[in-house]
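**Student:** please find the sequence and the predicted model below.
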Protein chains: 4
Amino acid sequence: MAKSTDRTMKFEALNTEFEADVRSSFGKQQVMGWIGAQLTKVEPGVCEITLPYKAELTQQNGFLHAGIITTVADSACGYAAYSLMAAGSDVLSVEFKVNLMRPAKGLTFMAVAEVLKPGKTLTVVRADVFAVDEQAKQTMVATMLGTMMGMKKA
Amino acid sequence: MAKSTDRTMKFEALNTEFEADVRSSFGKQQVMGWIGAQLTKVEPGVCEITLPYKAELTQQNGFLHAGIITTVADSACGYAAYSLMAAGSDVLSVEFKVNLMRPAKGLTFMAVAEVLKPGKTLTVVRADVFAVDEQAKQTMVATMLGTMMGMKKA
Amino acid sequence: MAKSTDRTMKFEALNTEFEADVRSSFGKQQVMGWIGAQLTKVEPGVCEITLPYKAELTQQNGFLHAGIITTVADSACGYAAYSLMAAGSDVLSVEFKVNLMRPAKGLTFMAVAEVLKPGKTLTVVRADVFAVDEQAKQTMVATMLGTMMGMKKA
Amino acid sequence: MAKSTDRTMKFEALNTEFEADVRSSFGKQQVMGWIGAQLTKVEPGVCEITLPYKAELTQQNGFLHAGIITTVADSACGYAAYSLMAAGSDVLSVEFKVNLMRPAKGLTFMAVAEVLKPGKTLTVVRADVFAVDEQAKQTMVATMLGTMMGMKKA
């Protein structure tokens, strides 16, 4: 019986420097520093980005704006995909879809992305975004399903 | 540490007749019978639909057409959501997104849906679609992320 | 002032045989014949598919199943993209998202797709699906936004 | 013949104060001020938001980050939907999908949203995002299709 929860796959990195390359590219995304996001995990096919709450990032009710949730989820998806690409690649987002499930309130937010299907050109990635409260309780507030594209670095 | 794979949640059905109601509604979806799909599992928040390969359901290369993959994934998502709704409800699809990951070739196809977030009005559901070959090997060929809506049955 | 409605663009076909190639590929999609869909328009970057109502294609309330709406919308998107590809190409769906806006009831359904952004590898396409009633009144029942991929024909 | 480009519909606002209410809510979205976005048009069912380029909002290649594009597109969609809601409502994003079509380079970016289908609970909205260069030339860089939800203001 197939279980949809069996789907976490183990992938091997083609690029032995994948972690350094992900960290270097993340460091060039000025928006990450500007919102205060940190790269808290990189493994082959997996990436986690953590963002502390800031009032400057909110929508009309004081919750994190859906676009900011998307910003961290998209970078997490991009770098999860990038971790499996050949050395000398660059990664771009083709498209993504996000479901906002609960109000994004919390002390910290964590976007956890995992590759579903790597590919030479296109990689399919999923990310869940969790809000973390004072008691370290995690609640899923959003989920992304997206397509990332690898290309030769310019 | 949150793992995105921790996300399978256990839900309790509000409607003690949920399985009979799902099966009854599935029986009224004429398209399910017409394409040859069968309801092979219903649990609270989970639904699985199985479809044998038929040449009549294919695209130009002889693979299952993306719209037919969507047909079974959408019904699986709808009934996963419906299984958690109050008695006397009906379910409709609001929207969904599908990533086609590999050519849909196989003897049989299985759409496995699980609720991510149930709600009074809207339920967020994910489904993976697997192709099953002669050796019973399963390969994920597509994944859906969608939103289902509950309403009073007319 | 940019208006989002200015977006219909005129594209030129690279393949002088684009219409014959689209019609030939459509003819190989067995599912089109099986559900009764017809290719009613092909222009560079545009494709329209028409599907008469059939009870065999319905969901539990007698409306066209969302997956069948998707089937015609996806083929319309695929062929709108294909019409702009080089000779000797094949087209596959990478992903799509569909919003179901109204119950799909009508005598006939029409999926009208137009390319938003052609590309060597990826083409972004949108399709609207209209229900047509006895008075030839058209109502938009669904819309698709998707990504199609061109590749060398095997 | 239905043309997908016939789809711009005219809607009437239920709330005579719709523009003031949209502007008031926009003013409470701290993230809008923080990134430098301005509300440049509000009409019944339509909303436009303009964002000047800032290096702080970029990804690794110096283009606007996809999440920031999404931030303005999502607010434009939300307020296009909100403009058609009854007085005393609030609006939340249920979900959206974004296709990134070209690198987001430009002096200014404009997200133009229009309602496709208003509803008591759910409203379907589309937004296109244009980059504007030094010669005021507009290029579509992204498009969003999303679902917004109206609720009683808390």
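**Tutor:** Structure's in. What do you need? As the structure is a prediction and not an experimental result, all values here were calculated from the model. Numbers count the residues shown, from 1 in each chain, chains lettered A, B, ... in the order given.

**Student:** hmm, stretch A:37-55 touching chain D?
**Tutor:** Yes. In terms of CB under 8 Å from any CB of the partner chain, part of stretch A:37-55 sits within range of chain D, namely A:Ala55. (Each C-beta comes from the backbone N, C-alpha and C, glycine too.)

**Student:** now A:Gly36: how far from D:Thr70?
**Tutor:** Going from A:Gly36 to D:Thr70 by CB to CB, to the nearest Å gives 18 Å.

**Student:** remind me which residues of chain A are low pLDDT?
**Tutor:** For chain A, applying pLDDT under 70 flags the ranges A:1-8.

**Student:** which strand is the longest one in it?
**Tutor:** The strand that spans the most residues within chain A, counting by DSSP state E, is strand A:138-152.

**Student:** re the thing from before, A:Gly36 and D:Thr70: which is more packed in?
**Tutor:** A count of neighbours by other CB atoms under 10 Å in any protein chain shown puts D:Thr70 above the other of A:Gly36 and D:Thr70, at 33 against 13.

**Student:** related to what we said a few turns ago, for the longest strand of chain A, which strands pair with it and how are they oriented?
**Tutor:** Using DSSP bridges, the strands paired with strand A:138-152 are strand A:89-100 (antiparallel), strand A:122-132 (antiparallel).

**Student:** need those in CSV (columns: mean neighbour count).
**Tutor:** Below are the strands paired with strand A:138-152 laid out as CSV (neighbours: other CB atoms under 10 Å in any protein chain shown):
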stretch, mean neighbour count
strand A:89-100, 24
strand A:122-132, 25
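
**Student:** reformat those strands as TSV; add distance to B:Val42.
**Tutor:** Shown next, in TSV, are these (distance: least, CB to CB, whole Å):
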stretch	distance to B:Val42
strand A:89-100	23
strand A:122-132	24
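
**Student:** list the contacts of the residue positioned nearest the centre of chain A.
**Tutor:** For chain A, the residue sitting closest to the mean C-alpha position, by CA atoms, centre = their mean, is A:Ala76 at 1.6 Å. Contacts for A:Ala76 (CB atoms under 8 Å, 6 or more residues apart in numbering or on different chains) come out as A:47-49, A:111-113, A:127.

**Student:** element containing it, please.
**Tutor:** Assigned by DSSP states H and E, A:Ala76 belongs to helix A:66-82.

**Student:** may I have that helix as PDB, with CA atoms only?
**Tutor:** Provided in PDB are the C-alpha atoms of helix A:66-82 (Å, rounded to 0.1, in the frame of the first residue of the first chain):
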ATOM      1  CA  ALA A  66       1.600  36.100   2.900                       C
ATOM      2  CA  GLY A  67       4.200  37.500   0.600                       C
ATOM      3  CA  ILE A  68       6.900  37.400   3.300                       C
ATOM      4  CA  ILE A  69       5.900  33.800   4.100                       C
ATOM      5  CA  THR A  70       6.300  33.200   0.400                       C
ATOM      6  CA  THR A  71       9.700  34.900   0.300                       C
ATOM      7  CA  VAL A  72      11.200  32.400   2.800                       C
ATOM      8  CA  ALA A  73       9.300  29.400   1.400                       C
ATOM      9  CA  ASP A  74      10.500  30.300  -2.100                       C
ATOM     10  CA  SER A  75      14.200  30.700  -1.100                       C
ATOM     11  CA  ALA A  76      13.900  27.400   0.900                       C
ATOM     12  CA  CYS A  77      12.500  25.600  -2.200                       C
ATOM     13  CA  GLY A  78      15.100  27.200  -4.400                       C
ATOM     14  CA  TYR A  79      18.000  26.100  -2.200                       C
ATOM     15  CA  ALA A  80      16.600  22.600  -1.600                       C
ATOM     16  CA  ALA A  81      16.600  22.300  -5.400                       C
ATOM     17  CA  TYR A  82      20.000  24.000  -5.800                       C
END
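
**Student:** just how off-centre is it within its chain?
**Tutor:** 4 Å (CA atoms, centre = their mean, to the nearest Å).

**Student:** again with stretch A:103-117
**Tutor:** 7 Å.

**Student:** just stretch A:12-24 next, same as before
**Tutor:** With CA atoms, centre = their mean, you get 16 Å for stretch A:12-24.
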